[in-house]
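K.L.:
For reference, the sequence and a predicted model appear below.
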Amino acid sequence: MFTGIFKDTSVRVLIVFMISLCVISSFILPDWMQNNFMYGLSRGLAILGLMLLWRTNLVSFGHALYYGFGAYAVALCQKYFGITDILLRFTIAVVAAGLLGFCLGFILRKYREIFFAMLSLAFSMVLYGLLAKAEFLGSTDGMSISPSTLFGLELTRQYLFFLITFFVICAAVSIQAYLRSTLGHLTTAIQDNEIRVEFLGFSVQKAIHIKYVISACLAGGAGGLMAASLGQVDPDSMVNWNVSGELVFITIMSGWGNILAPFIGAIIFEFIRTYAFEWAPQAWAAIVGGTLLAIIFFFPGGIWSIIEKVFNYGKKKDVK
């Protein structure tokens, strides 16, 4: 599956972009911009997971379930086991969300369209209600996350950013390798005609289940990295329905033509929200919504379609 993966144009562009981002944000740009890049890359993992589902005509309105579950898994492991190592935190978040996604996948893989979307939202709101009422988890106030370490050494913000970038590169390269595989090519086939895929001898439900678990793992990893970046987890910022809405918003805004698109879209969203808060704190939501409407009207393929037109970057080359 990984054979020749580093010869893939999308992977090369991704790696160059991420390394350039690290260098520019660390040595040229101010700290607050580096924080925005960090948050954007972390959230971009969840968008990458949604993009994977989107390619199968599945829209999840409840992906904050895994985003928040991964974040709270990090918080609980710190509280009860004292785990602060960033490698363990990321692994715990991914595994915890993946296990939850595996269990719920048996239910969700049977549904399509609005039923899939609303059922995923319902599961997310169940978790939100439990977390908001659980006093040992801080209720609506949430829990604090101590600074991350690596092999016992406390990480500065800059080194945390480097490691988050490394995790993002590994995850995105793995997804590209998956999309190049036989199972990955089923994504387009399922989108076109599920019945024909069944006649070819593949199980559509199993294929969707696998994609759903991968998507849950990515969202959980995103939540774990965001918790480590923010130093705080709470139900409203991690699990609430508006978080799921933001993830879907960014997915639409980004486009799904390339593995780099979710991260570019997530970073742009962070800056739009930051400047909207600064310039119009009472109307920031209207500015963000207006941005989405403009992109839908003028660039239905999202931000990535703009990049394709400007750089003549062919979509067919990206998904081979």
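P.N.:
Happy to help now that I have it.

K.L.:
Next, L150: phi, psi?
P.N.:
Main-chain dihedrals, L150, degrees, to the nearest 10: phi -140, psi 110.

K.L.:
Tell me which helix or strand the most centrally placed residue in the chain sits in.
P.N.:
For the chain, A46 is the residue whose C-alpha lies nearest the centre (CA atoms, centre = their mean; 1.1 Å). Element membership of A46 [criterion: DSSP states H and E] is helix 31-54.

K.L.:
hang on, L186 packs against Q205?
P.N.:
No: judged on CB atoms under 8 Å, L186 makes no contact with Q205 at a distance of 11.8 Å. The way it works is simple: take the backbone N, C-alpha and C, and place the C-beta from them, glycine included.

K.L.:
in the helix or strand encompassing L76, what counts as buried?
P.N.:
For L76, the enclosing helix or strand under DSSP H and E is helix 64-81. Buried residues in helix 64-81, defined by neighbour count with 16 or more other CB atoms under 10 Å: 64-79.

K.L.:
Kindly report the same for stretch 192-207.
P.N.:
Buried residues in stretch 192-207 (16+ other CB under 10 Å): E194, V197, F202, V204, A207.

K.L.:
Now the closest residue to the first one other than its chain neighbours. Its backbone dihedrals?
P.N.:
Looking back up the chat, that one is E194. Take E194 and drop its neighbours on the chain: the residue closest to it by CB to CB, 6 or more residues apart in numbering is V204, 4.9 Å away. Dihedral pair for V204: phi -60, psi -40, per degrees, to the nearest 10.

K.L.:
what's the distance between V204 and R196?
P.N.:
Per CB to CB, to the nearest Å, V204 is found 10 Å from R196.

K.L.:
can you check P281 too?
P.N.:
For P281, the distance to R196 - CB to CB - is 52 Å.

K.L.:
Which secondary structure elements does the strand or helix carrying M253 sit against?
P.N.:
Assigned by DSSP H and E, M253 falls within helix 241-254. When contacts are defined as 3 or more CB pairs under 8 Å, 6 or more residues apart in numbering; DSSP states H and E, helix 241-254 sits against helix 31-54, helix 64-81, helix 113-133, helix 261-279, helix 284-298, helix 303-311.

K.L.:
re the thing from before, roughly how far apart are the residue nearest to E194 and Y275?
P.N.:
43 Å.

K.L.:
on that earlier part again, these two touch, right, the residue nearest to E194 and I190?
P.N.:
Yes: with contact taken as CB under 8 Å, V204 and I190 are classed as touching, separated by 5.8 Å.

K.L.:
anything in contact with each of those two?
P.N.:
V197 (CB atoms under 8 Å, 6 or more residues apart in numbering).

K.L.:
Tell me the secondary structure of P147, please.
P.N.:
Here P147 is recorded as coil under DSSP: H, G, I helix; E, B strand; the rest coil.

K.L.:
what's near enough to touch it?
P.N.:
Residues near P147 by CB under 8 Å, 6+ apart: T84, E154, L155, G231.

K.L.:
give me that answer again for 10 Å
P.N.:
Neighbour list for P147: T84, I86, E154, L155, T156, R157, L160, A228, G231 [criterion: CB atoms under 10 Å, 6 or more residues apart in numbering].

K.L.:
Give me the phi and psi angles of the third one.
P.N.:
Geometry field for E154 lists phi and psi as phi -70, psi 140, criterion degrees, to the nearest 10.

K.L.:
For it, which non-adjacent residue is closest in space?
P.N.:
P147 (5.4 Å).

K.L.:
burial of the residue nearest to F271 when sequence neighbours are not counted, as a residue count?
P.N.:
Nearest in space to F271, with sequence neighbours left out and distances taken as CB to CB, 6+ apart, is N36 at 5.9 Å. Number of residues near N36 (other CB atoms under 10 Å) recorded here: 20.

K.L.:
Show the model's pLDDT score for T187.
P.N.:
Note on T187: pLDDT of 77.

K.L.:
most tightly surrounded among the helices and strands packed on helix 241-254?
P.N.:
Among the helices and strands packed on helix 241-254, helix 64-81 has the highest mean neighbour count (mean count of other CB atoms under 10 Å), at a mean of 25.

K.L.:
Which strands or helices does the helix or strand following that one pack on?
P.N.:
Next along the chain after helix 64-81, taking DSSP H and E as the criterion, comes helix 86-108. In terms of contacts (3 or more CB pairs under 10 Å, 6 or more residues apart in numbering; DSSP states H and E), helix 86-108 is packed against helix 31-54, helix 64-81, helix 113-133, strand 149-150, helix 157-180, helix 204-230.
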